[in-house]
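# Next comes the sequence, and after it the predicted model I'd like to discuss.
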Amino acid sequence: MNVYRELKARGFVYQETDSNAIENKLTNSQITFYVGFDPTGNSLHVGHLLPVMAMRLLQKAGHIPVVLVGGATAQIGDPSGRSTARNMLTKETVAENALCLKNQLAKFITMDNGQAHFVNNNDWFKDLYLLDFLRDVGSRFSVNRMLAQESVKQRLENGLSYLEFSYSLLQGYDFYYLNKTLGCTMEFGGQDQWGNMVAGTELIRRMSDEKTEVHCLTIPLLMNPATGQKFGKSIGGTSVWLDPERTSVFDYYQFWRNCDDSMIADLMKKFALDIPVEEADALVNSGNINRAKEILAYEATRLAHGDAEAAKAYIQAGLKFGFADPENKIFTTSSIAKISATSAEVELPTAKISSSLFEGEGIGLAKLIVEAGLAKSTSDARRLVQGNAVSIDDVKVNDVNKRYMPGELPNKFILKTGKKNFKQIVIE
């Protein structure tokens with residue numbers, strides 16, 4: 001597979017130092033590359049995931065990712081994309097955050113048997129003397145060039161501390177250090193990181209052997225056209241977190257399920273990597289955009305929380321709001337097609353019905369609805385049936401006089417009375 005063309009086809013390429021050289025390296029050799037994350041919080045959010053998806057795609061193509069957590073740089077704060085300085089964090093908080101991020105990132109890429117490296121830049125900055133750094137690294141940077149960076153220019157009017165101004169030197173040194181120690185030759189990151197990333201390539205060029213060739217590539221920021229905000233902020237205007245204690249798995253699934261229609265084609269390509277680009281396009285253009293949203297939500301949730309949790313969220317949402325394609329008629333390579341409400345282990349509101357109620361002449365549908373707690377009286381239940389609101393395992397039942405004999409219904413099934421009211425019925 002030509003992973004460079006795959007990156008382009010999925011919309012992961014924005015700026016790059018040399019497109020031909022990058023394509024050649026990614027296609028004809030195995031490279032070590034890095035992506036950096038500053039642990040300014042104890043969880044990643046959806047907005048962090050674009051470079052993570054690119055990293056996962058590159059690893060699947062055989063390249064070796066270096067996941068850098070900025071235990072040192074998080075104590076300063078990157079000025080890129082900000083109008084004010086970040087709050088200062090203690091070393092202890094940053095160290096705790098770094099461990100949390102490592103555990104989350106391990107769900108997206110494989111770190112076993114040397115397939116990836118996890119590093120913390122505090123390990124090399126903590127013992128570095130200031131005078132040595134200024135002499136060996138600071139002397140290689142032009143203040144005029146640093147002032148020309150967008151992240152710096154945007155802050156000059158409101159004030160920019162020397163602490164933040166020095167951030168690009170530190171990020172540049174990260175690349176230099178990883179190149180020397182791990183043979184890292186490429187950096188990936190968001191488009192707002194371009195100035196900092198180029199600083200690294202220039203530092204390596206000035207401090208290394210002339211034959212050393214390194215590159216960087218940025219990924220375009222993703223904006224939500226409905227809100228004008230960076231993608232990842234939706235639930236009450238707050239970030240959608242990967243930590244289930246901060247954003248439940250169900251809410252995480254629903255965030256993807258409820259994304260703006262205009263974004264689905266792009267999101268499918270970027271966050272459902274196991275679905276080929278051509279199939280993603282066909283799915284979006286199938287005429288059932290809600291089915292595409294279901295599959296996107298399932299795939300994104302599966303990566304962040306695992307197959308079982310994604311299945312639960314898919315079924316819970318479908319039973320509550322309705323399935324876009326209950327019979328899975330729209331084919332996809334996504335494993336969502338293998339899931340059904342009767343096969344997945346899901347915590348659902350349940351009503352237990354005694355098998356003795358089916359004996360003799362059987363149990364009437366209206367009485368079954370009342371026994372399940374979905375109507376207060378048989379007359380209310382009959383009105384629901386007459387209103388075409390009742391279904392069993394997504395099959396509508398319109399006969400108000402319908403009766404069920406022993407063995408006619410499965411021992412476990414879903415009884416629904418409307419889009420949002422349902423019970424899992426267990427016959428005992």
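That came through fine.

# From now on I want contacts and neighbour counts done on CA atoms only, so please keep to that.
Will do.

# For the residue of the chain positioned farthest from its centre, pull up the helix or strand it's in.
Here the centre of the chain is the reference, and by C-alpha atoms, centre = their mean the most remote residue is Gly360, at 53.8 Å. Using DSSP states H and E, Gly360 is not contained in any helix or strand.

# Now it. Nearest residue, chain neighbours left out?
Excluding its sequence neighbours, the residue lying closest to Gly360 (C-alpha to C-alpha, 6 or more residues apart in numbering) is Met405, at 7.9 Å.

# Now do the contacts for the one you found.
Residues in contact with Met405 (C-alpha atoms under 8 Å, 6 or more residues apart in numbering) are 358-363.

# how close does it sit to Ile204?
Applying C-alpha to C-alpha, to the nearest Å, one obtains 78 Å for the distance of Met405 from Ile204.

# How about Tyr252?
Per C-alpha to C-alpha, Tyr252 is found 40 Å from Ile204.

# next one: Gly195
Counting by C-alpha to C-alpha - Gly195 and Ile204 are separated by 15 Å.

# Lys402 too?
78 Å.

# quick one: which of those two has more around it?
Ile204 (24 against 13; other C-alpha atoms under 10 Å).

# Look at Phe188 and give its secondary structure.
Recorded secondary structure, Phe188: strand (DSSP: H, G, I helix; E, B strand; the rest coil).

# what's near enough to touch it?
33-35, 51, 216-219.

# Out of those, flag the one nearest to Val397.
Pro51 (48.4 Å; C-alpha to C-alpha).

# Output the helix or strand containing Ile369 as PDB, nothing but the C-alphas.
Per DSSP H and E, Ile369 falls inside helix 365-371. Only the C-alpha atoms of helix 365-371 are listed here, as PDB (Å, rounded to 0.1, in the frame of the first residue of the first chain):
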ATOM      1  CA  LEU A 365     -50.300  -8.200  23.600                       C
ATOM      2  CA  ALA A 366     -51.900  -5.400  25.600                       C
ATOM      3  CA  LYS A 367     -51.400  -7.400  28.900                       C
ATOM      4  CA  LEU A 368     -47.800  -8.100  27.900                       C
ATOM      5  CA  ILE A 369     -47.200  -4.400  27.400                       C
ATOM      6  CA  VAL A 370     -48.700  -3.700  30.900                       C
ATOM      7  CA  GLU A 371     -46.700  -6.500  32.500                       C
END
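
# what's downstream of that helix, the next helix or strand?
Using DSSP H and E, the helix or strand that follows helix 365-371 in sequence is helix 378-386.

# Tell me which other helices or strands that following helix touches.
Helices and strands touching helix 378-386, by 3 or more C-alpha pairs under 8 Å, 6 or more residues apart in numbering; DSSP states H and E, are helix 365-371.

# just to revisit the earlier point, any idea how far the residue nearest to Gly360 lies from Glu361?
Counting by C-alpha to C-alpha, the separation of Met405 from Glu361 is 7 Å.

# re the thing from before, so which elements touch the helix holding Ile369?
helix 378-386.

# average pLDDT across the helix it packs on?
The average of the pLDDT scores along helix 378-386 is 91.

# which parts of the helix or strand containing Ser168 are buried?
Taking DSSP H and E as the definition, Ser168 sits inside helix 167-182. Neighbour counts using 16 or more other C-alpha atoms under 10 Å place 167-179 of helix 167-182 among the buried residues.

# Can you show me the strands along the stretch 251-400 of the chain?
350-353, 363-364, 390-392, 395-396 (DSSP state E, counting those that start in this stretch).

# Packed most tightly, which of the ones you listed would that be?
Among the strands of the stretch 251-400 of the chain, strand 390-392 has the highest mean neighbour count (mean count of other C-alpha atoms under 10 Å), at a mean of 20.

# May I have the strands that pair with it, each with its orientation?
Sheet pairing here is set by DSSP bridges, and for strand 390-392 it gives strand 395-396 (antiparallel), strand 412-417 (antiparallel).

# how about Phe125, what does it touch?
Residues in contact with Phe125, defined by C-alpha under 8 Å, 6+ apart, are Ala72.

# Over to Thr110?
With C-alpha under 8 Å, 6+ apart, Thr110 has these contacts: Ala116.

# For it, give me phi and psi.
When read as degrees, to the nearest 10, the backbone of Thr110 gives phi -90, psi 130.

# okay, it: pLDDT?
In this prediction Thr110 is given a pLDDT of 90.

# Against Leu57, how distant is it?
12 Å.

# just Ile109 next, same as before
9 Å.

# same question, Phe323
Counting by C-alpha to C-alpha, the gap from Phe323 to Leu57 is 30 Å.

# Also Gly11?
Taken as C-alpha to C-alpha, the span from Gly11 to Leu57 is 12 Å.

# For these two, indicate the residue with more neighbours.
Per other C-alpha under 10 Å, whichever of Gly11 and Leu57 has more neighbours is Leu57, with 21 against 16.

# quick one, what contacts the more buried one?
Counted by C-alpha under 8 Å, 6+ apart, Leu57 has contacts 3, 273.

# looking at this, it is in a strand?
No - counting by three-state DSSP, Leu57 is not part of a strand but helix.

# got the contact list for the helix holding Ser168?
32, 73, 76-79, 121, 137-138, 141, 184-185, 187, 195-201, 203-204.

# What of stretch 408-427?
By C-alpha under 8 Å, 6+ apart, the residues outside stretch 408-427 that reach it are 319-322, 341-342, 348-355, 369, 372, 374, 384, 389-394, 428.

# next one: stretch 362-379
By C-alpha under 8 Å, 6+ apart, stretch 362-379 touches 351-353, 357, 381-382, 385, 400-406, 415, 417, 421-423, 425.

# Which stretches in the stretch 51-200 of the chain count as helices?
91-105, 122-125, 130-136, 143-147, 150-156, 162-165, 167-182, 194-207 (DSSP state H, counting those that start in this stretch).

# Mind telling me which of the ones you listed the model trusts least?
helix 150-156 (a mean of 63).
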